[in-house]
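**Q** Next comes the sequence, and after it the predicted model I'd like to discuss.
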Amino acid sequence: MTTNRESKSINASKDEGIIEHFRKNIGRRVFILTEAFPFMFIGTIKSLTNDMALLAVETTSIPALEGKEWTLHIHSIDVFYIETGLGPKIPELKD
């Protein structure tokens, strides 16, 4: 059985890994799903400050919110995929 101290250490390591992965991929396209509105983002990672990612958003689930910069807390991301050139490309979603 794990203790709270071990759990926090595992969670901290996981968070650090995700933050570092985003940092290494600044300038690349990303697909993100979150629990909170607007739920879905496709855009480019512009920068990372601590655990906050700045995205140049191309597409969201709400067209009026597209073409803007959004700041997302890494902890609010449920699912993400970053284009690295090794896997499939994120599709261009237009009308």
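**A** Received the coordinates, thanks.
**Q** got the residue ranges for the strands in the protein?
**A** With DSSP state E, the ranges of strands along the chain come out as 29-34, 40-49, 52-60, 69-73, 77-82.
**Q** Can you give the strand pairings for the longest one, parallel or anti for each?
**A** Spelled out, that is strand 40-49. Strand pairing for strand 40-49, determined by DSSP bridges: strand 29-34 (antiparallel), strand 52-60 (antiparallel).
**Q** and what of the shortest one?
**A** Sheet neighbours of strand 69-73, with direction, are listed as strand 52-60 (antiparallel) (DSSP bridges).
**Q** Going by neighbour count, list what's buried in stretch 40-51.
**A** Met40, Phe41, Ile42, Gly43, Thr44, Ile45, Leu48 (16 or more other Cβ atoms under 10 Å). Just so you know, the C-beta spots here come from the backbone N, C-alpha and C atoms, and that holds for glycine as well.
**Q** What distance do you get for the closest residue to Thr44 other than its chain neighbours to Gly17?
**A** Counting by Cβ to Cβ, 6 or more residues apart in numbering, Ala56 is the residue found nearest to Thr44 once chain neighbours are left out, at 4.6 Å. Distance, Ala56 to Gly17, by Cβ to Cβ, to the nearest Å: 24 Å.
**Q** repeat for Lys24
**A** In terms of Cβ to Cβ, Lys24 sits 11 Å off from Gly17.
**Q** so what's Ala53 closest to, chain neighbours aside?
**A** Ranked by Cβ to Cβ, 6+ apart and with sequence neighbours excluded, the top spatial neighbour of Ala53 is Leu72, at 5.0 Å.
**Q** Neighbours of the one you found, how many?
**A** 22 (other Cβ atoms under 10 Å).
**Q** Tell me who's in contact with it.
**A** If you count contacts by Cβ atoms under 8 Å, 6 or more residues apart in numbering, Leu72 has them with Ile32, Thr34, Phe41, Met52, Ala53, Leu55.
**Q** try 7 Å
**A** Residues near Leu72 by Cβ atoms under 7 Å, 6 or more residues apart in numbering: Ile32, Ala53, Leu55.
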